[in-house]
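Q: Test case, fold it:
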Amino acid sequence: MMLGKPIDLKDMESVDSEYYNSLLWIKENDPSELELTFCLDEESFGHTSQRELKPDGANIPLTDENKDEYISLVIQWRFVSRVQEQMNAFLEGFNALIPPTLVKIFDEHELELLMCGIQHIDVKDWKQNTLYKGDYHANHIVVQWFWRVVLSFSNEMRSRLLQFVTGTSRVPMNGFKELYGSNGPQLFTIERWGTPENYPRAHTW
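A: So this is what the prediction gives:
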């Protein structure tokens, strides 16, 4: 949306994989037996209402012939129309800081990388850009245990750990050396706190 490019079914996969799989099934099969119409159920504050995807949509059955239009309208509603007011406000503030002409030099993948960071977590880079405080150092047995556990984690688990500590599940484009806190650059830090009986704690700086 920030680049003004059309949004398609593939874009939904990273946002709502369950909904993506449902629409993908509709695309690849005859959905007539589902007895759906061009109408969606919307839940807000515990109340469910119906949203027509087009005029008189509640009376238009979903068929194999019109399923492509249905999918397109669902995506348009979920990604664009439903959040148009919020998106306009976001873009107004964003464009006040960064002119649209500068943003448009990037494609969607480059822009995601700049704004959201890297999804894959490189443990070697993480270790090289970690600061130790108090009695801890790179060769301390507790620190070695920590990295051993991190290495055993899947990338998803590493992301959750990183989010627990820093508030973000992704790594900056140039790696862990560019982690930032509220007061500027802040390396990932491990320090002793409390007693062995205490649970781990984290500060998002």
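Q: Centre of the protein to the edge, which residue is at the far end?
A: Distance to the chain centre peaks in the chain at D135, reaching 36.3 Å (criterion: CA atoms, centre = their mean).
Q: What sits closest to that one if chain neighbours are left out?
A: Counting by CB to CB, 6 or more residues apart in numbering, D135 lies nearest to R192, which is 5.3 Å off, once chain neighbours are set aside. For every residue, glycine as well, the C-beta is placed using N, CA and C.
Q: which stretches of the protein aren't confidently modelled?
A: 1, 200, 202-205 (pLDDT under 70).
Q: quick check: domain ranges of it?
A: 9-116, 123-191 (the TED database).
Q: Redo the ones you listed as JSON lines? Include distance to N198.
A: Formatted as JSON lines, these follow (distance: least, CB to CB, whole Å):
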{"stretch": "domain 9-116", "distance to N198": "33"}
{"stretch": "domain 123-191", "distance to N198": "13"}
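Q: Tell me which of the ones you listed approaches M2 most closely.
A: M2 lies closest to domain 9-116 among those, at 6.5 Å (CB to CB).
Q: which residues in the protein form strands?
A: 39-44, 47-52, 130-133, 180-181, 184-185, 188-191 (DSSP state E).
Q: Going by neighbour count, list what's buried in the third one.
A: Using 16 or more other CB atoms under 10 Å as the test for burial, strand 130-133 gives 130, 132.
Q: For it, give me every contacting residue.
A: Under the criterion CB atoms under 8 Å, 6 or more residues apart in numbering, residues 138, 140, 143, 176, 187-192 lie in contact with strand 130-133.
Q: Likewise for the fifth one?
A: Under the contact criterion CB under 8 Å, 6+ apart, strand 184-185 has outside partners 178-179.
Q: where do the helices sit along this protein?
A: Assigned by DSSP state H, the helices in the chain fall at 9-13, 17-28, 67-79, 84-97, 100-103, 108-116, 123-128, 141-152, 155-166.
Q: Which among the ones you listed is found nearest to G57?
A: helix 67-79 (8.2 Å).
Q: neighbours around F164, how many?
A: Residues lying near F164 (other CB atoms under 10 Å) number 13.
Q: cool, and S22?
A: Around S22 there are 15 residues (other CB under 10 Å).
Q: Roughly how far does it sit from I118?
A: With distances taken as CB to CB, to the nearest Å, S22 is found 29 Å from I118.
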